[in-house]
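*Asks:* Just a sequence and a predicted model for now, questions to come.
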Amino acid sequence: MTDAETALATPVFCAGAYKPFGELTAAEARARGEEIGEAGGWGPLNRAAAVALAWRELADAMRSADAATVAALDPETALEFAQRLWVVPPGGSLL
């Protein structure tokens, strides 16, 4: 199983570049959710809709916690979102 420290260090594509998941801001998380959500949410893209929603929920959680970045959230919450967003595979491995 992946730990929070590993999840926070995992690179995520955002705003045209890769940056560590832990450095993303709430605004970047919301924008990522909107970007993925624009792909659609029906048929084979149903999974994308769930991931887009999770990005928006991450942004909301960060605002509620007054967290400037994902790394400012408590480690359990950050890891939970990393798994929901497939930043790290749920369960720790795709194999």
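*Replies:* In hand now; what should we look at?
*Asks:* correct me, but residue 6 touches residue 88?
*Replies:* Yes. Assessed by Cβ atoms under 8 Å, residue 6 is found in contact with residue 88 at 6.9 Å. Any C-beta I mention is one placed from the backbone N, CA and C, and that applies to glycine too.
*Asks:* three-state assignment of residue 18?
*Replies:* Assigned by DSSP: H, G, I helix; E, B strand; the rest coil, the conformation of residue 18 is strand.
*Asks:* what residues does whichever strand or helix holds residue 60 touch?
*Replies:* Residue 60 belongs to helix 46-64 when elements are defined using DSSP states H and E. Identification of contacts with helix 46-64 by Cβ atoms under 8 Å, 6 or more residues apart in numbering yields 25-27, 29-30, 32-34, 36-37, 39-42, 67, 69-70, 72-73, 77, 81, 84-86.
*Asks:* Tell me who's in contact with the spatially most central residue of the chain.
*Replies:* In the chain, the centroid-proximal residue (Cα atoms, centre = their mean) is residue 85; its distance is 4.5 Å. Going by Cβ under 8 Å, 6+ apart, residue 85 touches 51, 54, 55, 58.
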